[in-house]
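# need a structure here:
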Amino acid sequence: MKYPDNSYICNRMTSLQSRHTGFWLHLAAWSVVFGLPLFVPGGREPVMNMQEYVRFLVVPLSFMAVFYVNYLLLIDRYLFTRHVGRFLLANALLVAGVMLLVHLFFRFGIPPRPHHPPMERPWQDTMFFFLRNAMLYLLVVGVSVAIRMTGQWYRAENIRKDLERSRSEAELQNLKSQLNPHFLFNTLNNIYSLIQLDPDRAQQTVHDLSRLLRYVLYDSSRPTVPLKAEMDFLGNYIELMRIRLPRHVRLDVSLPENPSHTLVAPLLFISLVENAFKHGVSNDRPSFIDIDIREEEGVLACRIENSFFPKSEADRSGSGIGLANLCRRLEMIYPGRYEMKYGQHGDTYETLLRINLTDR
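The predicted model follows:
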């Protein structure tokens with residue numbers, strides 16, 4: 001037997017809760033309508049007697065019939081399918097039939113009220129009576145349409161939000177799946193260079209790399225990670241990159257000494273750091289990379305400045321993928337809560353990213 005997935009179960013439970021809530025709301029509303037005459041004094045008697053209450057019940061019961069015929073049948077069959085003419089015709093026949101039944105019931109079903117004065121203008125009074133009741137029944141139809149349409153709008157809005165959330169989650173996972181191979185591609189190039197420069201140190205570096213890969217492949221699959229874990233990963237990656245730097249490259253790194261356990265999205269800064277090493281290092285010219293990341297009063301700020309040596313078209317493997325993914329991820333995860341600026345200033349390239357980690 002195949003069981004439904006968790007999302008289906010959650011959606012089903014939400015639908016059942018919504019139906020139960022609607023049932024109790026309807027029950028409470030009709031209870032007020034049917035019970036109000038029992039507690040409101042009328043005429044010479046303190047409360048309505050049983051005979052008068054039986055006569056009263058006919059009208060709200062007819063209202064209930066018109067309401068639920070529309071709510072459960074006519075609105076779905078005609079109004080939601082855009083057959084407005086059929087909907088109006090069906091309601092005209094429904095209201096006329098219910099009014100006729102109510103009139104016959106009052107005339108032949110129950111005894112008339114005692115001391116009922118004769119009508120002075122029978123024809124005019126009868127027409128006024130039917131027109132007034134027709135307006136009341138049409139008002140009931142309008143209320144049923146309003147409630148049904150409102151409920152339908154809320155359901156459609158919830159479905160739209162669920163679909164939007166699912167689409168965002170799927171897109172975010174797709175961005176992460178693109179980022180991981182891009183990170184691995186750059187890191188393996190670094191390992192290859194390290195093996196050539198210092199074979200004795202390569203073994204320990206491979207072990208350090210395994211920790212980096214474990215973070216990228218497993219920890220980064222979570223929606224959020226502690227800031228300390230993200231900073232540890234970034235520090236290890238920078239140290240791995242430092243090994244292969246020529247002597248004429250100056251690297252200054254400032255990371256939080258005691259990062260908090262504030263939860264952040266994983267792999268936020270790796271694209272910026274990768275770009276700094278990729279475009280900020282020259283093999284034969286003086287170069288520098290300054291990385292400064294700090295956390296102050298709920299704001300996580302990253303500033304990276306580096307010398308700028310643009311790559312040729314033949315050597316732009318993966319260039320731009322990480323930065324584009326980062327911009328899309330920030331817009332999805334921290335909409336309205338981040339500021340990102342980057343660009344070239346003479347011979348240097350500067351990137352500034354600020355994220356407000358507190359919910360607004």
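# Got phi/psi on Arg294?
phi -150, psi 160 (degrees, to the nearest 10).
# How about Leu251?
When quoted as degrees, to the nearest 10, the phi and psi of Leu251 stand at phi -120, psi 120.
# Do a quick rundown of the strands in this protein.
225-226, 249-254, 263-264, 287-296, 299-307, 338-345, 348-356 (DSSP state E).
# Could you say which one of those strands comes nearest to Ala202?
Nearest to Ala202 among those is strand 249-254; the distance by CB to CB comes to 20.5 Å. Just so you know, the C-beta spots here come from the backbone N, C-alpha and C atoms, and that holds for glycine as well.
# Now do the buried residues in that closest one.
For strand 249-254, a neighbour-count test (16 or more other CB atoms under 10 Å) marks 249, 251 as buried.
# Domain ranges for the chain, per the record?
Per the TED database, the structural domains of the chain span 49-112+123-177, 181-309+320-356.
# Distance from the chain centre to the shortest one, please.
Which is domain 49-112+123-177. Put simply, domain 49-112+123-177 sits 31 Å off its chain's centre (CA atoms, centre = their mean, to the nearest Å).
# just the longest one next, same as before
Its chain's C-alpha centre lies 30 Å from the corresponding centre of domain 181-309+320-356 when counted by CA atoms, centre = their mean.
# what does the model give Leu353 for pLDDT?
Predicted confidence (pLDDT) for Leu353: 95.
# Please name the nearest non-neighbouring residue to it.
Excluding its sequence neighbours, the residue lying closest to Leu353 (CB to CB, 6 or more residues apart in numbering) is Cys302, at 4.5 Å.
# Please apply the same query to Val249.
Once flanking residues are discounted, Val249 sits nearest to Ser287: 4.5 Å by CB to CB, 6+ apart.
# Where in the chain is the helix or strand with the lowest mean pLDDT?
In the chain, no helix or strand scores lower on mean pLDDT, DSSP states H and E than helix 6-39, which sits at a mean of 59.
# quick one on the thing from earlier: out of the domains of the chain, deepest packed?
With neighbours taken as mean count of other CB atoms under 10 Å, the domains of the chain reach their highest mean count in domain 181-309+320-356, at a mean of 16.
# still on that earlier bit, now the domains of the chain in a markdown table, with distance to Val32?
Listed next are those as a markdown table, based on distance: least, CB to CB, whole Å:
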| stretch | distance to Val32 |
| --- | --- |
| domain 49-112+123-177 | 10 |
| domain 181-309+320-356 | 43 |
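# Can you tell me which of these is nearest to Leu25?
domain 49-112+123-177 (9.3 Å).
# What does the pLDDT read for Leu93?
Confidence at Leu93, expressed as pLDDT, is 91.
# ok, now Asn189?
Asn189 carries a pLDDT value of 73.
# cool, the one 10 residues further on as well?
According to the predicted model, the pLDDT of Pro199 comes to 76.
# give me the low-pLDDT residue ranges for the stretch 251-360 of the chain?
312-322, 359-360 (pLDDT under 70).
# so where do the helices sit in this protein?
6-39, 50-69, 84-104, 122-197, 199-217, 227-242, 270-279, 321-333 (DSSP state H).
# Just give the closest residue to Tyr68, not the sequence neighbours.
With CB to CB, 6+ apart, the residue lying closest to Tyr68 is Ser144, at 7.7 Å.
# partners of Cys302 in the sheet?
In this entry, Cys302 is beta-bridged to Ile293, Leu353, by DSSP bridges.
# Isn't it up against Leu272?
Yes. Cys302 is in contact with Leu272 according to CB atoms under 8 Å; the separation is 6.6 Å.
# Can you give me the distance of the residue nearest to Gln344 when sequence neighbours are not counted to Ser254?
Using CB to CB, 6+ apart and skipping the chain neighbours, the partner closest in space to Gln344 is Phe308 (5.7 Å). Distance of Phe308 to Ser254, computed by CB to CB, to the nearest Å: 21 Å.
# And for Tyr137?
Going from Tyr137 to Ser254 by CB to CB gives 76 Å.
# hmm, back to that, which neighbours do Cys302 and Leu272 share?
Taking CB atoms under 8 Å, 6 or more residues apart in numbering as the contact rule, the neighbours common to Cys302 and Leu272 are 351, 353.
# Look up the pLDDT of Val47 for me, please.
55.
# What distance do you get for the residue nearest to Gln344 to Glu350?
From Phe308 to Glu350 the distance is 9 Å (CB to CB).
# How about Arg160?
Separation of Arg160 from Glu350 (CB to CB) stands at 40 Å.
# Quick check, Ile243 in contact with Ala202.
No. Judged on CB under 8 Å, Ile243 makes no contact with Ala202 at a distance of 9.6 Å.
# anything in contact with each of these two?
Leu194.
# so what's Phe269 closest to, chain neighbours aside?
Cys302 (5.4 Å).
# Distance of that neighbour relative to Glu296?
Here Cys302 is placed at a distance of 12 Å from Glu296 (CB to CB).
# Need the residues touching each of these two.
In contact with both Cys302 and Glu296: no residue, using CB under 8 Å, 6+ apart.
# what comes into contact with stretch 133-153?
The contact list for stretch 133-153, computed with CB under 8 Å, 6+ apart, reads 22, 62-63, 66-68, 70-71, 75, 79-80, 91, 95, 98-99, 102.
# ugh, wrong one, I meant stretch 63-70
30, 33, 91, 94-95, 98, 136-137, 140-141, 143-145, 148.
# In JSON lines, list these along with distance to Leu213.
Formatted as JSON lines, the contacts of stretch 63-70 follow (distance: CB to CB, whole Å):
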{"residue": "Trp30", "distance to Leu213": "64"}
{"residue": "Val33", "distance to Leu213": "68"}
{"residue": "Asn91", "distance to Leu213": "67"}
{"residue": "Leu94", "distance to Leu213": "70"}
{"residue": "Val95", "distance to Leu213": "72"}
{"residue": "Val98", "distance to Leu213": "73"}
{"residue": "Leu136", "distance to Leu213": "73"}
{"residue": "Tyr137", "distance to Leu213": "72"}
{"residue": "Val140", "distance to Leu213": "67"}
{"residue": "Val141", "distance to Leu213": "66"}
{"residue": "Val143", "distance to Leu213": "62"}
{"residue": "Ser144", "distance to Leu213": "61"}
{"residue": "Val145", "distance to Leu213": "60"}
{"residue": "Arg148", "distance to Leu213": "55"}
